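Peer 1: My questions are about this predicted structure, shown below with the sequence.
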Amino acid sequence: MTALLTHTPAEEALIAALQGATGWRAQLREATREQGLPTKRNELWKWSDLRRAANDVSAAGELVVDGLEAAVLRPDDGARLNLTLTAKPGASAADAEITVPAGHAVTLVEHYRAEAGALGNWHLKITLEAGARLDRVCIAADAPDGVFVSSAEIVLAPGAALNQRTLDFGARLSRIETHITHPGEGSQVDLGGVYLLDAKHHADTTTVVHHTGPGGQTRQLVKGAAASHGHGVFQGKFIVDRAAQQTDARMTHRALMLDDRAEIDAKPELEIYADDVQCAHGNALGAIDETALFYMRQRGLPAPKARALLIESFLAEPLDGIADESLRETLKGELRNRLEALS
């Protein structure tokens, strides 16, 4: 006998907000109605209890999307899409579809922000046609009293290239989740991520890359740092089908615990069914190098400045992969400012 699910106010609000929805939002409504919001009992959410994080949400809200001309887009070659997504108080969801035509190169920049008492859900379905390239950058603003979940399904055609970078300053719960279908056959995926978390900030980077055909390449580097009572989560998974021979896939996660009361959970995984592959994953957690800190202080730098510089030099590497120089330097500046505030 199956016990009936008692919905929380946040679940009831999300179900009501999605009444009459179609497509992905209808699927979200049905999943919420049948299963509720994800909790730690869900393996993909084992360190990010969404149901608990949204416990103060009790009404429908609005996810405001600025910069989106239509829900289904097919941008021109060289186009740059700048989306700003703001979750207003209450439960809300929005989604869109983007197709990058064959041979085109497109830049997509997404800024996420959750206001106090918000539960925002954003979903993108992205298709890269043969030989297309997408440079995608996702920035999650500091939102200690809100919840924001961004998810994307990205499908590549042969010869396509995806370069994705994320910068997450955390929220009550922030999650950037990416599922990629990788066909091999000359396609390339490069994933980079940075998270920097103050007290009571939670950031979750979850990725699944499914290699379905031969000769594909994937690179992933995620770096993070968490202060006292900050909580970072990294979940990365590469699936390599039997048909995906000669796959070259490398995954690395490295993080700094800036206080012994910080928490960082990491789960890198390889699920390989092919026998002619080069696949590896690595994970390392540590603290600031006290010797390097001492060396910098001996040269006259105040302790907070020296500490911020050391953390910046550690974290900045994934951002170097942003193709747009102006955007790259802007985000490094945001990272630097945040570090100075933490110090």
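Peer 2: Happy to help now that I have it.
Peer 1: where does the stretch 1-150 of the chain dip in pLDDT?
Peer 2: 1-3 (pLDDT under 70).
Peer 1: That one: strands as residue ranges?
Peer 2: 63-66, 72-73, 80-87, 90-100, 105-114, 118-128, 133-140, 143-156 (DSSP state E, counting those that start in this stretch).
Peer 1: One more: the stretch 151-300 of the chain?
Peer 2: Using DSSP E, counting those that start in this stretch, strands in the stretch 151-300 of the chain cover 161-168, 171-182, 188-197, 202-211, 217-226, 231-240, 248-257, 263-272, 278-286.
Peer 1: what does the average pLDDT come to for the third one?
Peer 2: Across strand 188-197, pLDDT averages out at 98.
Peer 1: Now do it: which elements does it pack against?
Peer 2: Here strand 188-197 is seen to pack against strand 161-168, strand 171-182, strand 202-211, strand 217-226, strand 231-240, helix 303-315, helix 325-342 when contacts are counted using 3 or more C-beta pairs under 8 Å, 6 or more residues apart in numbering; DSSP states H and E. Using the backbone N, CA and C atoms, a C-beta is placed for each residue, glycine as well.
Peer 1: Comparing the ones you listed by mean pLDDT, which bottoms out?
Peer 2: It's helix 303-315: among the helices and strands packed on strand 188-197, that one has the lowest mean pLDDT, namely a mean of 85.
Peer 1: Would you mind listing the buried residues in that one?
Peer 2: In terms of neighbour count (16 or more other C-beta atoms under 10 Å), helix 303-315 has its buried residues at Ala306, Arg307, Ala308, Leu309, Leu310, Ile311, Glu312, Phe314, Leu315.
Peer 1: One more: stretch 280-288?
Peer 2: Buried-residue list, stretch 280-288, by 16+ other C-beta under 10 Å: His281, Asn283, Leu285, Ile288.
Peer 1: So what sits opposite Leu256 in the bridge?
Peer 2: Ala225, Gly286 (DSSP bridges).
Peer 1: for it, what are its contacts?
Peer 2: Gly224, Ala225, Ala226, Leu285, Gly286, Ala287, Ile288, Ile311, Phe314 (C-beta atoms under 8 Å, 6 or more residues apart in numbering).
Peer 1: Report the central residue of this structure.
Peer 2: Closest to where the C-alpha atoms of the chain average out (C-alpha atoms, centre = their mean) is Ile176, at 2.6 Å.
Peer 1: if I look at it, how far off is Ile311?
Peer 2: Distance of Ile176 to Ile311, computed by C-beta to C-beta, to the nearest Å: 21 Å.
Peer 1: deepest of the strands of the stretch 1-150 of the chain, which one?
Peer 2: Mean neighbours per residue, mean count of other C-beta atoms under 10 Å, is largest over those for strand 118-128, with a mean of 24.
Peer 1: Dump the C-alpha coordinates for that one into CSV.
Peer 2: In CSV, the C-alpha atoms belonging to strand 118-128 read as follows (Å, rounded to 0.1, in the frame of the first residue of the first chain):
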residue,chain,number,x,y,z
ALA,A,118,11.4,32.8,-3.9
LEU,A,119,11.5,29.4,-5.4
GLY,A,120,12.5,29.8,-9.0
ASN,A,121,12.8,27.0,-11.6
TRP,A,122,14.4,27.7,-15.0
HIS,A,123,14.8,25.1,-17.7
LEU,A,124,16.5,25.3,-21.1
LYS,A,125,16.4,22.8,-24.0
ILE,A,126,19.3,23.4,-26.3
THR,A,127,20.1,21.8,-29.6
LEU,A,128,23.5,22.2,-31.4
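Peer 1: pLDDT wise, what is the residue nearest to Leu285 when sequence neighbours are not counted at?
Peer 2: Leaving out its chain neighbours, the residue that sits closest to Leu285 by C-beta to C-beta, 6 or more residues apart in numbering is Ala255, at 5.3 Å. pLDDT, Ala255: 97.
Peer 1: Start the count at 14 instead of 1 going forward.
Peer 2: I'll keep to 14 as the first residue from here, and by that count the last item is Ala268.
Peer 1: dump the residue contacts of Ala268.
Peer 2: Neighbours of Ala268 in contact, by C-beta under 8 Å, 6+ apart: Lys236, Gly237, Ala238, Ala239, Gly245, Phe247, Ile277, Ala279, Ala297, Leu298, Gly299.
Peer 1: List buried residues within these.
Peer 2: Neighbour-count burial (16+ other C-beta under 10 Å) applied to these gives Lys236, Gly237, Ala238, Ala239, Gly245, Phe247, Ile277, Ala279, Leu298.
Peer 1: Now flag whichever of those is closest to Arg46.
Peer 2: Phe247 (30.3 Å; C-beta to C-beta).
Peer 1: May I have stretch 147-165 as PDB, with CA atoms only?
Peer 2: Provided in PDB are the C-alpha atoms of stretch 147-165 (Å, rounded to 0.1, in the frame of the first residue of the first chain):
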ATOM      1  CA  LEU A 147      27.700  27.500 -28.200                       C
ATOM      2  CA  ASP A 148      29.500  29.600 -25.500                       C
ATOM      3  CA  ARG A 149      27.300  29.500 -22.500                       C
ATOM      4  CA  VAL A 150      28.000  31.400 -19.200                       C
ATOM      5  CA  CYS A 151      25.700  31.100 -16.200                       C
ATOM      6  CA  ILE A 152      26.100  33.500 -13.200                       C
ATOM      7  CA  ALA A 153      24.100  32.900 -10.000                       C
ATOM      8  CA  ALA A 154      24.000  36.000  -7.800                       C
ATOM      9  CA  ASP A 155      24.300  36.000  -4.000                       C
ATOM     10  CA  ALA A 156      20.800  35.200  -2.700                       C
ATOM     11  CA  PRO A 157      20.900  34.100   0.900                       C
ATOM     12  CA  ASP A 158      17.100  34.100   1.300                       C
ATOM     13  CA  GLY A 159      16.000  32.700  -2.000                       C
ATOM     14  CA  VAL A 160      16.100  29.400  -3.900                       C
ATOM     15  CA  PHE A 161      16.900  29.100  -7.600                       C
ATOM     16  CA  VAL A 162      17.200  25.900  -9.700                       C
ATOM     17  CA  SER A 163      18.600  26.100 -13.300                       C
ATOM     18  CA  SER A 164      18.500  23.000 -15.400                       C
ATOM     19  CA  ALA A 165      19.400  22.400 -19.000                       C
END
